[in-house]
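Participant: Need coordinates for the following:
(one chain, ligands or ions: 1)
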Amino acid sequence: MSTPRKRAAILISGRGSNMMSLVAAARDPAWPAEIAVVIANRPEAAGLPWAAAQGIATLALDHKAFATRAAFEDRLHAALLHAGVEIVCLAGFMRMLTKGFVDRWRDRLVNIHPSLLPAFPGLDTHERALREGVKIAGCTVHLVRLEMDTGPIIAQAAVPVVPGDTPETLGRRVLAAEHRLYPHALALLASGRARVSGETIQLLQSVNQDDALFSPSLESVVT
Ligand code: GAR
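Facilitator: Below is the predicted model of the structure:
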């Protein structure tokens, strides 16, 4: 008998392109997670009607309608339990979560961030990466701890920074990698191939030791 798929929720605040990539991956019945519900803290989030049109349960929980953060998070927690959720995926969810919520979902709360953490936590990641002159950028999927953009790293993807890049062009390159990374990372977690061990993730998955990304690429410099 096959292992039951893990029930995942996706929390969004806006367009939800990462949510869409998770939903697409979950269409395969052999994939180890199913999307139980998509929840937005902004009722106007563009991703919500898209998810509903896919036949997925959706919920708009306007955080402004709650007197306190705790009240919002209690309602969110109740909705997650109601939907039988086992893993919560933040996908462009732009609201800080308090200790109460993070503790309740410890090791079952996942986030995607558009940088190679621990570099560039917070906002304006691509602008800051360009200002620092890094030659490799990327994205990270990690378990959530209380401090913003911290927690055990499940998987990362690297992309080159190209001469002439703007935050927009770099952002598009990183986002394309995000759309491939998040389904991969969630599958690792949901299948048990990524396990929490203290404050790091232990991988029961082969890693290609020969892969290296060089940026600029390795080619002879002709003078
Ligand atoms: C993504 O780039 C995601 O990594 C980022 O917001 C974007 C949401 O796009 N998240 C963060 O910056 C969280 N710190 P999406 O709504 O199209 O998935």
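Participant: Every contact and neighbour count from this point should use C-alpha atoms.
Facilitator: Will do.
Participant: do you know how far L123 is from R145?
Facilitator: 17 Å (Cα to Cα, to the nearest Å).
Participant: okay, the two: which has more neighbours?
Facilitator: R145 (22 against 11; other Cα atoms under 10 Å).
Participant: Check whether the residue nearest to the more buried one when sequence neighbours are not counted sits in a helix, strand or coil.
Facilitator: Distance criterion Cα to Cα, 6 or more residues apart in numbering; nearest residue to R145, sequence neighbours excluded, is G151 at 4.9 Å. Per DSSP: H, G, I helix; E, B strand; the rest coil, the secondary structure class of G151 is coil.
Participant: neighbours of G151, just the number please.
Facilitator: 22.
Participant: can you pull the contacts of it?
Facilitator: By Cα atoms under 8 Å, 6 or more residues apart in numbering, the contact set of G151 is H142, L143, V144, R145, E199, T200.
Participant: Name only those of those that count as buried.
Facilitator: Buried subset of the contacts of G151 (neighbour count, 16 or more other Cα atoms under 10 Å): H142, L143, V144, R145.
Participant: Looking at those, which are in strands?
Facilitator: H142, L143 (DSSP state E).
Participant: Adding pLDDT and distance to the ligand, write the buried ones among the contacts of G151 out as TSV.
Facilitator: Shown next, in TSV, are the buried ones among the contacts of G151 (pLDDT from 0 to 100; distance: Cα to the nearest ligand atom, whole Å):
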residue	pLDDT	distance to the ligand
H142	98	11
L143	98	12
V144	98	11
R145	97	13
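Participant: How much space separates W31 from L90?
Facilitator: For W31 relative to L90 (Cα to Cα), the value is 19 Å.
Participant: Neighbour count for these two, which is higher?
Facilitator: Shown here are W31 and L90; by other Cα under 10 Å, L90 has more neighbours (24 against 16).
Participant: Please report phi then psi for A30.
Facilitator: Main-chain dihedrals, A30, degrees, to the nearest 10: phi -80, psi -10.
Participant: Can you report how many residues lie near it?
Facilitator: Neighbours of A30 using other Cα under 10 Å come to 13.
Participant: tell me what the top helix by length along the chain is packed against?
Facilitator: The longest helix of the chain (DSSP state H) is helix 167-190. Packing partners of helix 167-190 (3 or more Cα pairs under 8 Å, 6 or more residues apart in numbering; DSSP states H and E): helix 17-26, strand 33-40, helix 125-132, strand 136-143, strand 153-160.
Participant: So which of the ones you listed is nearest H179?
Facilitator: helix 17-26 (5.5 Å; Cα to Cα).
Participant: For the closest one, give the mean pLDDT please.
Facilitator: For helix 17-26, the mean per-residue pLDDT is 98.
Participant: Show me what it packs onto, helices and strands only.
Facilitator: Judged by 3+ Cα pairs under 8 Å, 6+ apart, the packing partners of helix 17-26 are strand 33-40, helix 47-53, helix 167-190.
Participant: Deepest-packed of those, please.
Facilitator: strand 33-40 (a mean of 25; mean count of other Cα atoms under 10 Å).
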